[in-house]
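J.: need a structure here:
(chains A and B)
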Amino acid sequence: MLASKFEQHPLIHFLRDPCCAEHFDHHKWERLFRSARLGYLASRVGWLARQSGIWDKIPLRIRFHLDSALQVSASQSVSVLWEVTQIEKAFAKDSIPFVLLKGAGYVKGQLQAAHGRIMSDVDIMVPKRQLGVAEKALYEHGWFPTKIDAYDQRYYRKWMHELPPMQHLDRGTSIDVHHTILPPTARLKPDTQKLWNSAIELEAGKRVLILSPHDMILHSASHLFHDGELEHGLRDLADIVALLNQFSEQPHFFEVLIDRAIEHELTYPLYYALKYSAVFLRITLPANALAKLARFTAQSGASHEFMDLIVINSIGSILDDSFSAKSSASQFAMYVRSHYLRMPLHQLLPHLLRKQFIKDSK
Amino acid sequence: MIQLYADFPLASNAEFTDFRVELGGPTWLRRVFRPQVNFAFDGRFPFKPLPVQQAFAMFEWGLNWVISNHAHQFAIVHAAALEKDGRGIIFPGSPGSGKSTLCAALTCRGWRLLSDEMALISLQDGSLWPIPRPISLKNASIELIRNFREGVIFGDVVADTLKGNVAHMRPPLASVQAFDVPATPYAIVFPTYRPESITDFAPLSKGMTLMRLADNCFNYSVLGGAGFNCLADAVERSRCHTLVYSDLDDAIRAIEG
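T.: Residues are numbered from 1 along each chain as shown, chains lettered A, B, ... in the order given. Sure, this is the predicted structure:
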């Protein structure tokens, strides 16, 4: 199913089995690393190279780049942990609990997926009824909105599942404050209360939580297909695979995961996340998992083929050494689609038109 | 480009390329009408396009950006770096401090150019890695160096860039040939060009040197503890000075003395 130009790509080979890089020549390493850098996977590649035991066989000039990338993820982990303590401090007065989402959650939860994970901001979820208090507390502790344009403010507050992004005045670090994991305008409506009920408290008595393993995978899956142009697509798949590798040892893991997806109405993103994880990264799934999920997605054969075409090309765009126009057409299709999933057409069209024509208004 | 990079060997296709960068016109329209140039790294464009006359300057600035954002196996200090008789000197300084002018003058007096823009200090062993690219000179410094020594080769002077008039000077052949030979830090000197001043070469405490070095380190926040240790080691093994100067010959005498 994967086009041969992707199937043969050294980054795909490496992510499936890092040991195969032992015999890579310079040319292959160069293609591998350039794509990894584009896809926010350079540090993950560095970590996998360290882990796999082939480090000493990698040419020195390439190890330089891997070391550099590892340095970035190492300092990010330190900085994320520090941010978490600062957020905790800001929320202490009002006793606001918060769930660390995505990268920050992996790091704080000390999960496998944290290794070599690059993130540009800290994503947290707070209870919806405390959103206003949380925003005020963050202002008081030095975080300020970066998008102060009235349209952007309204876009976030009215239609999205998060506050407009904020940045800390001294540290320059960014934070995204969500109150659920998908926008309220989206057609899929995961049950936020259930996310909170099964979230895991990291230290007793503290108000820092991470999602349960199943919800974490569902969140990563829905994020993958609702968030823009999929240029982080392969990174997100690698995250999902790392989470699956760590947790699928648990008894009945996949059964529970699928039941949970049904409960949250997230069968559709999970179906695609598992399907494309298998396509790109060759994970093994229980025999009936995809078939079981496919029953809930209710799409025609033609529609599946269309999805395959645009998703595979979008995720694969970082692997395309020529940066062809075709992949950018697919990326644009994904961009429109992700917005279509997030909001109904009568809201979407004016939004996209505005974003197209007022790009450089700043 | 050919003038300034004449002494550099071309890479063969079989070699590993660290960074793939490209200069090109942003759109076909902008190739014809008020032509512009755009800098691409890995097929992406990190900057806004510039007028085509500034293509070479954009290439140099783009390379600086690529290196300071992707070479975290080094502590990268905004500094000129040179070496003579096994003694490497780091000259940290913000734009306008006169570090590039001093750097160009020192290469005219037989010093080996390591870099006029970034000192690369290895996190692994503290050695100073050369990246002897053309020296960027601004405004009055261009004439000053032209008159300082005959036979120095310059690229075209580009007027009205973000930094004023800019011209690049070809690095000395011997520096280019030694591009893969690291140097050992011996001194750290903070230059300040002050018109009409008498040369003042004064010792600076190790503590102050470390603080100011960290201030000038592009990737200090990325490196964290490793960066602190690396810079502290460099300070520990170096003599530390400030240098206020207006006369280049006098300044060089102080440094060599």
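J.: do you know how far the residue nearest the centre of chain B is from chain A?
T.: Nearest residue to the geometric centre of chain B (C-alpha atoms, centre = their mean): residue B:117, 1.8 Å. Distance of residue B:117 to chain A, computed by C-beta to the nearest C-beta, to the nearest Å: 18 Å. (Each C-beta comes from the backbone N, C-alpha and C, glycine too.)
J.: From what I see, that residue and residue B:81 are in contact.
T.: No. The pair residue B:117 / residue B:81 is not scored as a contact, 9.2 Å apart, by C-beta atoms under 8 Å.
J.: on that earlier part again, is the residue lying closest to the residue nearest to the centre of chain B once chain neighbours are set aside within a helix or a strand, and which one?
T.: Of all residues not flanking residue B:117 in the chain, residue B:64 sits nearest, at 5.8 Å (C-beta to C-beta, 6 or more residues apart in numbering or on different chains). Assessed by DSSP states H and E, residue B:64 sits inside helix B:55-70.
J.: Which residues does that helix contact?
T.: Helix B:55-70 is contacted by residues A:37, A:65, A:68, B:1, B:4, B:19, B:21, B:23, B:37, B:39, B:41, B:46-47, B:50, B:76, B:117-118, B:131, B:133-134, B:136, B:155-156, B:158, B:161, B:166, B:168, B:218-219 when judged by C-beta atoms under 8 Å, 6 or more residues apart in numbering or on different chains.
J.: what's across from residue B:119 in the sheet?
T.: residue B:77 (DSSP bridges).
J.: if I pick it, what's in contact with it?
T.: When contacts are counted by C-beta under 8 Å, 6+ apart, residue B:119 touches B:76, B:77, B:79, B:80, B:81, B:90, B:92, B:128.
J.: In strands, which of these appear?
T.: Under the assignment DSSP state E, these contribute B:76, B:77, B:79, B:80, B:81, B:90, B:92, B:128 to strands.
J.: Show the end-to-end separation of stretch B:134-147, please.
T.: Stretch B:134-147 has an end-to-end distance of 18 Å (criterion: C-alpha to C-alpha, to the nearest Å).
J.: quick one on the thing from earlier: in ChimeraX, select just the buried ones from the contacts of helix B:55-70.
T.: Filtering the contacts of helix B:55-70 down to the buried ones (16 or more other C-beta atoms under 10 Å in any protein chain shown) takes a single ChimeraX command:
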select /A:37,65,68 /B:4,21,37,39,41,50,76,117,118,131,133,134,136,155,158,161,166,168,218,219
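J.: give the contact list for the nearest residue in space to residue A:192 that is not next to it in sequence.
T.: Distances taken as C-beta to C-beta, 6+ apart place residue A:180 nearest to residue A:192, at 4.4 Å, with adjacent residues excluded. The contact partners of residue A:180, taken as C-beta under 8 Å, 6+ apart, are A:125, A:128, A:161, A:190, A:192, A:195.
J.: let's see 10 Å
T.: By C-beta atoms under 10 Å, 6 or more residues apart in numbering or on different chains, residue A:180 lies in contact with A:125, A:127-128, A:161-162, A:186, A:189-193, A:195-196.
J.: Can you pull the residues of the stretch 101-250 of chain A lying near chain B?
T.: By the rule C-beta under 10 Å from any C-beta of the partner chain, the part of the stretch 101-250 of chain A lying against chain B is A:171, A:172, A:231.
J.: Top of these by number of neighbours, please.
T.: Of all these, the highest neighbour tally under other C-beta atoms under 10 Å in any protein chain shown goes to residue A:231, namely 19 neighbours.
J.: In chain A, which residue is most central in space?
T.: Centre-most residue of chain A, counting by C-alpha atoms, centre = their mean: residue A:236, 4.6 Å.
J.: Can you show me the strands along chain A?
T.: Using DSSP E, the strands of chain A run over A:98-101, A:122-125, A:143-145, A:166-168, A:174-178, A:200-201, A:208-210.
J.: highest average neighbour count across these?
T.: strand A:122-125 (a mean of 26; mean count of other C-beta atoms under 10 Å in any protein chain shown).
J.: just for chain A, where's the confidence low?
T.: A:1, A:148, A:157-161, A:184-187, A:227-229, A:298-302, A:322-362 (pLDDT under 70).
J.: Just want the angle from the lengthiest helix in it to strand A:174-178.
T.: If you go by DSSP state H, chain A has its longest helix at helix A:60-92. Between helix A:60-92 and strand A:174-178, the angle comes out at 50 degrees (axes from the mean of the first three to the mean of the last three C-alpha atoms, to 10 degrees).
J.: Can you tell me how far residue A:112 is from residue A:76?
T.: 16 Å (C-beta to C-beta, to the nearest Å).
J.: Looking at the two, which has the bigger crowd around it?
T.: Legend: neighbour count by other C-beta under 10 Å for residue A:112 and residue A:76, higher for residue A:76 (22 against 16).
J.: Distance of the residue lying closest to residue B:47 once chain neighbours are set aside relative to chain A?
T.: Nearest residue to residue B:47 in three dimensions, chain neighbours excluded: residue B:39, at 5.6 Å (C-beta to C-beta, 6+ apart). Using C-beta to the nearest C-beta, residue B:39 is found at 15 Å from chain A.
J.: Wait, a strand at residue B:39?
T.: Yes. Counting by DSSP: H, G, I helix; E, B strand; the rest coil, residue B:39 is part of a strand.
J.: Residues in a beta bridge with it, which ones?
T.: Beta-bridge pairing of residue B:39 under DSSP bridges involves residue B:23.
J.: So for it, what's the pLDDT?
T.: Model confidence at residue B:39, given as pLDDT, is 90.
J.: what residues does chain B put near chain A?
T.: Counting by C-beta under 10 Å from any C-beta, the residues of chain B near chain A are B:13-20, B:40-44, B:48, B:69-74, B:122-124, B:219-227.
J.: of these, buried ones?
T.: B:16, B:18, B:40-42, B:69-74, B:123, B:219-220, B:222-224, B:226-227.
J.: Sort out which of these are in strands and list them.
T.: Per DSSP E, these map to strands at B:40, B:41, B:74.
J.: what about residue A:25, distance to residue A:32?
T.: Distance, residue A:25 to residue A:32, using C-beta to C-beta: 11 Å.
J.: Those two: who's more crowded?
T.: Legend: neighbour count by other C-beta under 10 Å for residue A:25 and residue A:32, higher for residue A:32 (24 against 11).
J.: give the contact list for the more buried one.
T.: So residue A:32 contacts A:9-15, A:21, A:24, A:41-42, A:45, A:62, A:319 (C-beta under 10 Å, 6+ apart).
J.: hang on, the earlier thing: quick one: which of the contacts of residue B:119 is nearest chain A?
T.: residue B:76 (10.5 Å; C-beta to the nearest C-beta).
J.: quick one: that closest one and residue B:118 touch, right?
T.: Yes. Between residue B:76 and residue B:118 there is a contact under C-beta atoms under 10 Å: 5.3 Å.
J.: what sits in contact with each of the two?
T.: B:64, B:67, B:68, B:216, B:217, B:218.
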